[in-house]
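In: here's a sequence, model it:
(2 chains)
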Number of protein chains: 2
Amino acid sequence: MAEKIYRVNMKALATTTEDVPEKWNVLGGRGLTSNIVAREVKPTCHPLGKYNKLIFAPGLLAGTGCANSGRLSAGAKSPLTGTIKESNAGGTAAMCFAQLGIRALIIEGIPSKNTFYSLHIDKNGVTIAEDTELVGKWNYEVMDTVSRKYGNRIAILSIGPAGEMRMAAANISVMDPDGNIRSHGRGGLGAVMGSKKIKYITVDPTDGPGIYIADKEKFKKASVLFAKGIAGHPVSGEGLKQYGTAVLVNVLNEAGALPTRNFKEGRFAGKEKISGETLHDVIVSRKGSPSHVCHKGCIIKCSQVYNDKDGNYITSGFEYETIWSFGANCLIDDLDIIARADHIMDDVGIDTIDTGVAMGIAMEAGVIPFGDGAGVLRLLKEIGKGTPMGRILGSGAAMVGKTFGMTRVPVVKGQALSAYDPRSVKGMGITYATSTMGSDHTAGYCIPVNILNVGGFVDPLKKEGQVELSRRLQIGTALMDTTGLCLFVGFYGLDNQDAVRDMIPDMINAKCGLSITPDEWRALGRKILHTEHEFNLAAGFTNKDDRLPEFFEDEPIPPHNAVWDFTGEEIDSFWDF
Amino acid sequence: MAEKIYRVNMKALATTTEDVPEKWNVLGGRGLTSNIVAREVKPTCHPLGKYNKLIFAPGLLAGTGCANSGRLSAGAKSPLTGTIKESNAGGTAAMCFAQLGIRALIIEGIPSKNTFYSLHIDKNGVTIAEDTELVGKWNYEVMDTVSRKYGNRIAILSIGPAGEMRMAAANISVMDPDGNIRSHGRGGLGAVMGSKKIKYITVDPTDGPGIYIADKEKFKKASVLFAKGIAGHPVSGEGLKQYGTAVLVNVLNEAGALPTRNFKEGRFAGKEKISGETLHDVIVSRKGSPSHVCHKGCIIKCSQVYNDKDGNYITSGFEYETIWSFGANCLIDDLDIIARADHIMDDVGIDTIDTGVAMGIAMEAGVIPFGDGAGVLRLLKEIGKGTPMGRILGSGAAMVGKTFGMTRVPVVKGQALSAYDPRSVKGMGITYATSTMGSDHTAGYCIPVNILNVGGFVDPLKKEGQVELSRRLQIGTALMDTTGLCLFVGFYGLDNQDAVRDMIPDMINAKCGLSITPDEWRALGRKILHTEHEFNLAAGFTNKDDRLPEFFEDEPIPPHNAVWDFTGEEIDSFWDF
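Out: Got it, this is the predicted structure:
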């Protein structure tokens, strides 16, 4: 079956359809977005200018019966970091793209007219329409209005006011199966969509060609094995389902690596009140949903629906990262406040990690006191309104640091660190420093091995083995992001490396009619990282950018009094592969 | 006579005195600040953190009878650009440092206590005092209060609220001989001073060792010749004296190179109202001073005192750059408004170039309309108050561009371009692109040769010869900034290269008891540039940073419809020396 690439030129307001080049036959998701960016985008271009492109690509396994294969990749040059960027999200869009036989959607150019547009994608192709009805509207209203108009079988991708205003931390929202919101959170891709003047995109899979699988028997066999493995693993089969990702609050606190008060300390006195266990109990008591999928085919179900005291919906997809960034990081020990913050950020369309870290810096700068939940909610609304303070916060943590002349600014390449202190979980520090995406825990998530004893153990407080660990995980993650698999299948993968080494190529071969070997597959992961790294070098990045802020070297973090003690040479050895 | 270096450690609140190393015997001003930064400051450090240092150094000829030798250099790693930075200013401080035998003042470290200090320098050394009386005060009040306290023989260096708040475009103010304000304007060195918690510095030359000149006869002979040359040149002897630097408004407008409406056009319809000729007439009619010195020994007198209609002082040192940045660039054709803007910026302590360009970008972003003079004055006051909008503007043009998601952001390495469009004065474009300081017209001022037919002629609209011209001027400027000579003696120098080639080394040899040859002197200029460039490379800059924003390549500028058409290779050839 001939899959295709759709190209939308917003300058010409015209679309074209292209065949998928033969050499891209094993590229999907991040593998495809990064290759297209590297081939077509001038590395030194302005991220919000006409030379940047925004690319969506479902993973190779999207739409199949493979468990947890529904992540959609979005790629571009990032306005937040200036690097290449891939940010993936759940929701229903990846499956809809796959059902239409679309391997990638490339959006290029900037309209001449100062107005907004929507894109409608169905079996007949892409329609570009001037569409100003929802301009200025926040994401929940957009999702609601559009899904009422088109019915609930379609997928929706949209930007909120943050994306319209081209704020550097703006995300792209994706509707989940229940009409709630998931996000391409990191790297400001919502600003790129805003620069291209696209308010929303609908993907209607009706009467599309559907999913072609070259060898259905072989595929089924491999995918059933894979699903059993995921379901049988204690983390992906139990822990995440029960407590969501917030299960990590207590774990990281215990490890002394829960960044608290803008990365001043490693433990949070209020952690009980924001833990995964507490979250679970609150959700259950309020008749929310403690275990929920972000896309069809998910068997991990780490998402959840969080209600208020009266049982009314506040938010969903309430992640550990968000609970940390506004909780421990801002000293807010109130899940209701953090849930409302999460709702506002989804509605405004802004990354919850960069915004939480931005808020912590603003608190250190004295804008509002640490722990001021009401102040946080007020400031988050200002982002949506585009007030000057909202603009500053919406531009991300690095910009807040610059605007207030602060030195304790936990970012790498302009992107905020996340919920794992690099001094006391050193593997994460290597990932933060070297990721081609700017600081990004998902790029090489060392927590299983550093903290959870999953897939072996590398002491989080020692330097030994961290570079190798991060490298191995970053290569593996580039592959996961290419298949469209959720990162969390990695828990099973790490504990069963020999089995999974064959299983994923088996599924890809069966799906695509290929005969890629596990070694070739692994080599592809290395190649994707190098392709991304070369783009960054051509954009002007150097090894000097692969460094953590100096305060991590100078300030020991309690309770272990750990410091960041890698030399530049040690960090640079990451790229020796 | 043993000259010395004073070192102030703000962490220890202690000072030390050091001999000047033998190898620095021909280093003063920028030559000295840049060498100290290169030797002592970690290139990748946070500019507002404890590893950065702030250095003041008078030029080699400061305090002597050499005309126009009173510029003071300030150096550090810049919070605006991240590069090495030297910014020099007139005022009385350079002479006072020289009279005390101080070759450089190095300020390092950050106080532990969250308070402000002042430094008092006299014949006995440096005294550090906790000093909070003037915290929050604006520069005019600081100058006034301090000079009333210490008498008017002392020099004062101070920061306004912008520097206290560590805004990236904050400047350092220097008192001029009449108690008004000159500025180390560019690169945010006021934020570095603010980070070191120093509100002001006084320099009392009373009973200092005075100026030692090794061979007075030889010095006098050379310096008299030099002064005659400057006084006899039509630009430095007449044009600048009569009209100030604003003489360039009509000249650049005629050349189609007066950036108008945030660099959209090359000519400004309102130029008559803001020209140097008009400025002169207004000043004379209001009994201001059309010709005024910024430091003792200046014979060019391009400065002036601008009064309001009632004859009351508004501002002084009212430069072409400021008149352009708020005039043509913001479409304000009212000198009174621009003068009031200049006054506020001096008072707040913020760079008038970066702030004017920032304002133009804010206007394009719709914050206020182009031409809104009242809006400009209101927003400038917000900088002083540190409102969110004030913080954004005070962070400079690049940050305004990022905060509002704009693509037409005329900066290089984070610093704003100035009053010469690089498309229609291409020599200036090469200087903007390659200067080690970020975009800086004074680093290699091609206007004499590109526009004024001084020192030869290189067609401003053609690429030929521009790289060589900028290189020659940047080397020469590094030397001028090392002597402490005003850039404007260069008009005479360019038209009399053979004479001046000997004259300056003659003065230095006579002053310092040296025997440096003209070739050795010229080699020193090249070496200073390379030292600065190597610092930047070690800080992570690459040739990708030596580029103009892409809109200069894409948008032809009327009336010549010129575009920026240098290739990267052509620009990079600048460094082939």
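
In: pull the number of nearby residues for the closest residue to residue A:575 other than its chain neighbours.
Out: What sits nearest to residue A:575 in space, not counting adjacent residues and going by C-beta to C-beta, 6 or more residues apart in numbering or on different chains, is residue A:533, at 6.8 Å. Every C-beta, even on glycine, is put in place using the N, C-alpha and C of the backbone. Neighbourhood size, residue A:533 [other C-beta atoms under 10 Å in any protein chain shown]: 20.

In: before we move on, what about residue A:151?
Out: 9.

In: tell me the SS of the residue nearest to residue A:575?
Out: helix (DSSP: H, G, I helix; E, B strand; the rest coil).

In: and the end-to-end length of stretch A:232-245?
Out: Using C-alpha to C-alpha, to the nearest Å, one end of stretch A:232-245 lies 18 Å from the other.

In: can you give me the offset of that stretch from its chain's centre?
Out: Remark: stretch A:232-245 is offset 20 Å from the chain centroid, using C-alpha atoms, centre = their mean, to the nearest Å.

In: ok, residues contacting it?
Out: Applying C-beta atoms under 8 Å, 6 or more residues apart in numbering or on different chains, the external contacts of stretch A:232-245 come out as A:230-231, A:247, A:276-277, A:279-280, A:290-291, A:300-304, A:318-321, A:448, A:452, A:454, A:488-489, A:491-492, A:495.

In: helices - which of those land there?
Out: A:230-231, A:276-277, A:279-280, A:320-321, A:448, A:491-492, A:495 (DSSP state H).

In: pick the one among those residues closest to residue A:529.
Out: residue A:448 (19.5 Å; C-beta to C-beta).

In: helix or strand: which one has the residue of chain A most remote from its centre?
Out: Residue farthest from the centre of chain A, counting by C-alpha atoms, centre = their mean, is residue A:217 at 32.7 Å. Residue A:217 is part of helix A:216-232 when elements are defined by DSSP states H and E.

In: and the stretch 351-500 of chain A, which residues reach chain B?
Out: A:387-389, A:391-392, A:395, A:399, A:402-407 (C-beta under 8 Å from any C-beta of the partner chain).

In: low-confidence stretches in the stretch 1-150 of chain A?
Out: Residue ranges of the stretch 1-150 of chain A with pLDDT under 70: A:1.

In: over to chain A?
Out: A:1.

In: contacting residues for the closest residue to chain B within the stretch 51-200 of chain A?
Out: The minimum distance from the stretch 51-200 of chain A to chain B, using C-beta to the nearest C-beta, falls at residue A:166 (2.5 Å). When contacts are counted by C-beta under 8 Å, 6+ apart, residue A:166 touches A:48, A:79, A:191, A:194-195, B:404-405.

In: circling back to that earlier point, helix or strand right after the helix holding residue A:217?
Out: helix A:240-243.

In: show me what counts as buried in that next one.
Out: Neighbour-count burial for helix A:240-243, counted by 16 or more other C-beta atoms under 10 Å in any protein chain shown, picks out A:240-241, A:243.

In: okay, these in a markdown table with distance to residue A:484 next?
Out: Output for the buried residues of helix A:240-243, formatted as a markdown table (distance: C-beta to C-beta, whole Å):
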| residue | distance to residue A:484 |
| --- | --- |
| A:240 | 18 |
| A:241 | 21 |
| A:243 | 25 |
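
In: so which of those comes closest to chain B?
Out: residue A:240 (36.2 Å).

In: which of the helices or strands spans residue A:399?
Out: With DSSP H and E as criterion, residue A:399 is part of helix A:397-403.

In: mind checking how far that helix is from the chain centre?
Out: With C-alpha atoms, centre = their mean as the basis, helix A:397-403 stands 21 Å off its chain's centre.

In: that one packs against which elements?
Out: Here helix A:397-403 touches helix A:352-364, helix A:388-394, strand A:411-412, strand A:415-416, helix B:397-403, going by 3 or more C-beta pairs under 8 Å, 6 or more residues apart in numbering or on different chains; DSSP states H and E.

In: right, so those: which one is the most enclosed?
Out: Greatest average neighbour count among the helices and strands packed on helix A:397-403 goes to strand A:415-416 (a mean of 31), per mean count of other C-beta atoms under 10 Å in any protein chain shown.

In: in TSV, list the helices and strands packed on helix A:397-403 along with distance to residue A:573.
Out: Converted to TSV, the helices and strands packed on helix A:397-403 look like this (distance: least, C-beta to C-beta, whole Å):
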stretch	distance to residue A:573
helix A:352-364	27
helix A:388-394	37
strand A:411-412	17
strand A:415-416	22
helix B:397-403	33
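
In: closest one to residue B:134 among the ones you listed?
Out: helix A:352-364 (25.4 Å).

In: got the CA positions of that closest one in PDB?
Out: Provided in PDB are the C-alpha atoms of helix A:352-364 (Å, rounded to 0.1, in the frame of the first residue of the first chain):
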ATOM      1  CA  THR A 352       4.000  22.500  32.200                       C
ATOM      2  CA  ILE A 353       7.700  21.700  32.800                       C
ATOM      3  CA  ASP A 354       9.200  24.900  31.400                       C
ATOM      4  CA  THR A 355       6.400  27.000  33.000                       C
ATOM      5  CA  GLY A 356       6.800  25.400  36.400                       C
ATOM      6  CA  VAL A 357      10.500  26.000  36.400                       C
ATOM      7  CA  ALA A 358       9.900  29.500  35.100                       C
ATOM      8  CA  MET A 359       7.600  30.000  38.000                       C
ATOM      9  CA  GLY A 360      10.200  28.800  40.500                       C
ATOM     10  CA  ILE A 361      12.700  31.300  39.100                       C
ATOM     11  CA  ALA A 362      10.100  34.100  39.200                       C
ATOM     12  CA  MET A 363       9.500  33.200  42.900                       C
ATOM     13  CA  GLU A 364      13.200  33.300  43.600                       C
END
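
In: which strands or helices does it pack on?
Out: Looks like helix A:352-364 contacts helix A:320-326, helix A:335-348, helix A:373-385, helix A:388-394, helix A:397-403, strand A:415-416 (3+ C-beta pairs under 8 Å, 6+ apart).

In: for residue B:114, which of the ones you listed is the nearest?
Out: Closest among those, using C-beta to C-beta: helix A:397-403, at 18.0 Å.

In: give me the residues contacting the closest one.
Out: By C-beta under 8 Å, 6+ apart, helix A:397-403 touches A:80, A:168-169, A:354-355, A:357-358, A:360-362, A:365, A:392-393, A:406-411, A:414-416, B:168, B:391-392, B:395, B:399, B:402-403.
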